[in-house]
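Asks: mind folding the following:
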Amino acid sequence: MKTDSLFYRLFQIRPQLFFELLSGSSQADCNYQFTSVEVKQLAFRIDGIFFPSSGNKKDPFYVVEVQFQPDEQLYSRIFSELFLYIKQYQPVHPWRVVVIYPTRSVERNSEPHFQPLLNLEQVRRIYLDELEEGENSPLGVRLVKLITSKETEVSQQAQMLLESVSREVNETKLRSDIIDLIESIMVYKFPKMSRKEIAAMLGVDDLKQTRFYQEVFTEGKQEGKLEAVSRMLDSGVELNTIAQWLDLPLEMVKKEANKKKTS
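Replies: You can find the predicted model right below:
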């Protein structure tokens, strides 16, 4: 599972979490939709972009990049895509760029041409290890910290998050989606662990009762397993991991992945 896929899924479930990261406040206003856009003539795709839902032309749109690996040409790519997108689509809203790094050490500043752009107030870089975390931190901060947490700490953090979500999120579907995401993060961090081991880490007596595993591990139903393949592909889970967790032949998983690409 790719780290950026987890973040983009998080932003799709609750766009407000992105603005909690920006402001450090759980009271952050959000009138945005998260999506991706294609610049068709140039054959590239901007995977993470927040568009304002309001008709206020002063509200900016945000291009979001999650970068967990060093990339010497990152800023060249980001700004090239941004300005080509602006040229093609002519958006009425001003632009903003947000790059999310796990630590400062991952960032590469070897492109002197873009330093003036990086100094603009329109560009924001977030280093997750520098975000303050505590019981009163915004839910978005605590969720992304779970993704980057050490393996020795993730069990306790996940349990605390599950309790917090049950208390703080009143909307049933949203609460279920966030809990599902927490479970997905655990699969991402511990792909070789068994069902019982993941359940023990989450403090859940029967993992089969949670929505994620009811959908992924449909007992004795091949159709349910194939539906789970599509769901896990959407979450960015690697093919080998899907085959292992669903107890399916790798070739079958590859076949389903190819179907999804052509559909």
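
Asks: endpoint to endpoint, stretch 55-64 covers what distance?
Replies: One end of stretch 55-64 to the other measures 21 Å (Cα to Cα, to the nearest Å).

Asks: elements contacting the helix or strand containing Val253?
Replies: Val253 belongs to helix 250-262 when assigned by DSSP states H and E. For helix 250-262, the elements it packs on are helix 222-234, helix 239-246, judged by 3 or more Cβ pairs under 8 Å, 6 or more residues apart in numbering; DSSP states H and E. No exception for glycine: its C-beta is placed from N, CA and C like everyone else's.

Asks: what comes up buried for that helix?
Replies: Across helix 250-262, burial judged by 16 or more other Cβ atoms under 10 Å covers 252-253, 256.

Asks: now flag whichever of those is closest to Glu183.
Replies: Val253 (19.9 Å; Cβ to Cβ).

Asks: where along the protein do the helices fall?
Replies: Assigned by DSSP state H, the chain shows helices spanning 3-13, 16-23, 74-89, 115-118, 139-148, 151-168, 172-189, 195-202, 211-216, 222-234, 239-246, 250-262.

Asks: export these as CSV, with columns for distance to Thr103 and mean pLDDT.
Replies: Shown next, in CSV, are the helices of the chain (distance: least, Cβ to Cβ, whole Å; pLDDT from 0 to 100):
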stretch, distance to Thr103, mean pLDDT
helix 3-13, 13, 83
helix 16-23, 15, 86
helix 74-89, 15, 90
helix 115-118, 17, 91
helix 139-148, 9, 85
helix 151-168, 16, 84
helix 172-189, 17, 80
helix 195-202, 25, 75
helix 211-216, 29, 52
helix 222-234, 28, 70
helix 239-246, 25, 76
helix 250-262, 32, 83
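
Asks: take these and write them to CSV, including distance to Ser36.
Replies: Putting the helices of the chain into CSV (distance: least, Cβ to Cβ, whole Å) gives the following:
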stretch, distance to Ser36
helix 3-13, 8
helix 16-23, 14
helix 74-89, 11
helix 115-118, 22
helix 139-148, 19
helix 151-168, 26
helix 172-189, 18
helix 195-202, 30
helix 211-216, 24
helix 222-234, 13
helix 239-246, 22
helix 250-262, 16
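
Asks: right, and the ones you listed - which one's nearest Phe61?
Replies: Closest to Phe61 of these is helix 74-89 (Cβ to Cβ; 9.6 Å).

Asks: now that closest one, how far from the centre of its chain.
Replies: Remark: helix 74-89 is offset 22 Å from the chain centroid, using Cα atoms, centre = their mean, to the nearest Å.

Asks: packing partners of it?
Replies: Counting contacts by 3+ Cβ pairs under 8 Å, 6+ apart, helix 74-89 is packed against strand 32-39, strand 44-52, strand 61-66, strand 95-101, helix 115-118.
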